[in-house]
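**Q** Next comes the sequence, and after it the predicted model I'd like to discuss.
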Amino acid sequence: MALSPLFLFAVLSTLSTLTAYEAPEDKEDIFASRACPAFLIFDNAAYLSDMTIELPCHCKPEEAHSVVWYYQKQLGSTDIRALTDFEGTSSVDSSRVGSGSELRSRFSIRLFSLLIFRVQESDSGHYTCGTASGHFFYGYDVDVQEAMRVSFPWNKTQRVAAVKSGDKVLFQVFTSFWSWSVCDRCGVPGEQTRVGLCYVQSDYLEVRYRLEADRVTSCGSSAVPKALGLEKEKYGAELGVRNCHVPCPSKPPTSSEQQGLLDLLSYGEAESKATVPIYYHNHPADTLLILSCPGARPEHAVAWDRGSVPLYRSEYIEGVNQSARIFIDTGHHLHFQPVHLEDKGSYFCWLQGKYAAEIRLGVYLRLSRKRMLSDPESIYAMKVVLICYMVFTAVFLPIVFGQYCWRTLKDRRLAL
């Protein structure tokens, strides 16, 4: 890996007192059973933004009991970040991670694997698994793509663009779609989603990268030479959504005594919702809030209900309504920008077509909160004051200058 020796020494010296994830000595190290490549290459991995991704460290020497992850935007640059959570066991709540948060606040290392929460396009780059002493085992070329298009219903036609130089085709750009997800609800109308990522096929890709297929890599990969002239701004991911309606799986039979008790308590209709875990969350009004479904992964089908009202992606997906205060992003998170007092209530989360959790949201007013200069309201107030000051200055100075000129001319006339 092309790292600056002096900068790498500075980074490693700061890690000499840190401890990354360390495997217990009495457990079998399954990661040491796979041989590492003699020459460090990078696996191409493409993801949709706002997903929580996992990068496993597939191999390492048997004598290495701890790992440190390194991040580098471009090979050869001196901007290298060492990612370590000191103990490797920290847990990050993705519901508290904003899309603008810095990378160091959005990752965790668990069993040698690097987890990045709500991954963003700016997180694209090279991730390398190694040790604090400077040995590198496995690498990834991560390409995070923004969803540039959402289709209702999904269009089966693939978008293909070819660029030629004379009679020679330099590269072809196409969209590769994942399989349709399962229906995100059962017993009621639901939705299915399908992610399409941008890929490029060319004979001129860099050889240091392990590609998705023969001569194929993702559009934002570093394996695509800049000389090809691929304008990445024109290409991106797509998200397809279509309607679905599937029955719920049959439940085990209930005895007559149990059914009679459920009917007496008026519990039969709410049985499916009442058996899910309940989470309580209190949040201050007029601030940003992100809710995530417990246990959800990027490939899972996730849906949200507010009480008995379903929140469909056709109405609440991010980007459909630019002025929407409540929306669902491509990583299945429910956003409030900001949350209001009337938003309090029960929110139900579906996971793979089944109820997964109930989140009882409470919203309260912060009456004694101390204002900070970094608050949006404070910034807005300072802008208003500054604009008013500039307007008053622009009006006051010409008046003063005009009075000075008039008095000067008057004094000269009297002197004559």
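**A** Cool, got the structure.

**Q** what about Trp180, how many residues close to it?
**A** 15 (other C-beta atoms under 10 Å). C-betas here are computed from N, CA, C, even on glycine.

**Q** Verify the assumption that it is located in a strand.
**A** No - counting by DSSP: H, G, I helix; E, B strand; the rest coil, Trp180 is not part of a strand but coil.

**Q** Was I right to think it contacts Gly196?
**A** No - checked against C-beta atoms under 8 Å, the pair Trp180 and Gly196 is beyond contact range at 11.4 Å.

**Q** pLDDT below threshold where in the stretch 151-300 of the chain?
**A** Scanning the stretch 151-300 of the chain for pLDDT under 70 picks out 153-167, 252-274.

**Q** now the strands for it?
**A** 161-165, 168-177, 190-202, 209-210, 216-218, 237-244, 278-284, 289-291 (DSSP state E, counting those that start in this stretch).

**Q** Please name the bridge partners of Tyr138.
**A** Beta bridges link Tyr138 to Cys129 when assigned by DSSP bridges.

**Q** Relative to Val207, how far out is the spatially closest residue to Val224 that is not a sequence neighbour?
**A** Distances taken as C-beta to C-beta, 6 or more residues apart in numbering place Leu230 nearest to Val224, at 5.5 Å, with adjacent residues excluded. Distance from Leu230 to Val207, counting by C-beta to C-beta, to the nearest Å: 18 Å.

**Q** Assess the claim that the residue nearest to Val224 and Cys198 are in contact.
**A** No - counting by C-beta under 8 Å, Leu230 does not reach Cys198; the two are 10.0 Å apart.

**Q** for this structure, what's the longest helix?
**A** Criterion DSSP state H: the longest helix present in the chain is helix 376-415.

**Q** show me the residues around the residue nearest to Val224 that make contact.
**A** By C-beta atoms under 8 Å, 6 or more residues apart in numbering, the contact set of Leu230 is 163, 171, 173, 200, 219, 224.

**Q** For the fourth one, give me its contacts.
**A** In this structure, Val200 makes contact with 171-174, 216-219, 221, 224, 230, judged by C-beta under 8 Å, 6+ apart.

**Q** and which of those residues is nearest to Gly345?
**A** Nearest to Gly345 among those: Ser218, at 40.6 Å, using C-beta to C-beta.

**Q** For that closest one, which non-adjacent residue is spatially closest?
**A** Nearest to Ser218 is Ala46, by C-beta to C-beta, 6+ apart, at 3.7 Å.

**Q** Paired strands for the host helix or strand of that neighbour, with orientation please.
**A** Assigned by DSSP states H and E, Ala46 belongs to strand 42-48. Strand 42-48 sits in its sheet next to strand 136-145 (parallel), strand 209-210 (parallel), going by DSSP bridges.

**Q** And these, which one averages the lowest pLDDT?
**A** Lowest mean pLDDT of the strands paired with strand 42-48: strand 209-210, a mean of 84.

**Q** which neighbours do Leu230 and Cys198 share?
**A** Joint contacts of Leu230 and Cys198 (C-beta under 8 Å, 6+ apart) are 173, 219.

**Q** Identify the residues contacting the helix or strand harbouring Met148?
**A** Under the criterion of DSSP H and E, Met148 resides in strand 147-151. Residues outside strand 147-151 that contact it (C-beta under 8 Å, 6+ apart) are 48-49, 235-241, 317, 319-320, 330.

**Q** now that we have those residues, which one has the most neighbours?
**A** Ala237 (26 neighbours).

**Q** ok, now which ones touch it?
**A** By C-beta under 8 Å, 6+ apart, Ala237 lies in contact with 48-49, 145-148, 195-198.

**Q** likewise Val188?
**A** Residues in contact with Val188 (C-beta under 8 Å, 6+ apart) are 245, 310.

**Q** That one and Thr393: what is the separation?
**A** Applying C-beta to C-beta, the value for Val188 to Thr393 is 62 Å.

**Q** likewise Ser176?
**A** Counting by C-beta to C-beta, the gap from Ser176 to Thr393 is 58 Å.

**Q** cool, and Gly236?
**A** 45 Å.

**Q** which residue packs closest to Thr175, ignoring adjacent ones?
**A** Gly196 is the one closest to Thr175 (C-beta to C-beta, 6+ apart), at 4.4 Å.

**Q** list the contacts for that neighbour?
**A** 175-178, 237-240.

**Q** With distance to Leu114 added, can I get the strands paired with strand 42-48 in a markdown table?
**A** Compiled in a markdown table, these are given as follows (distance: least, C-beta to C-beta, whole Å):
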| stretch | distance to Leu114 |
| --- | --- |
| strand 136-145 | 9 |
| strand 209-210 | 17 |
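
**Q** Of all those strands, which one is nearest Phe112?
**A** Using C-beta to C-beta, the nearest of the strands paired with strand 42-48 to Phe112 is strand 136-145, at 9.6 Å.

**Q** so the closest one versus strand 237-244, what angle?
**A** Going by axes from the mean of the first three to the mean of the last three C-alpha atoms, to 10 degrees, strand 136-145 is angled at 70 degrees with respect to strand 237-244.

**Q** Check the contacts of Gly196 and tell me the two furthest apart.
**A** Maximum distance among those (C-beta to C-beta): 13.5 Å, for Ser176 and Leu239.

**Q** so how far is stretch 69-86 from its chain's centroid?
**A** When C-alpha coordinates are averaged (C-alpha atoms, centre = their mean, to the nearest Å), stretch 69-86 and its chain have centres 19 Å apart.
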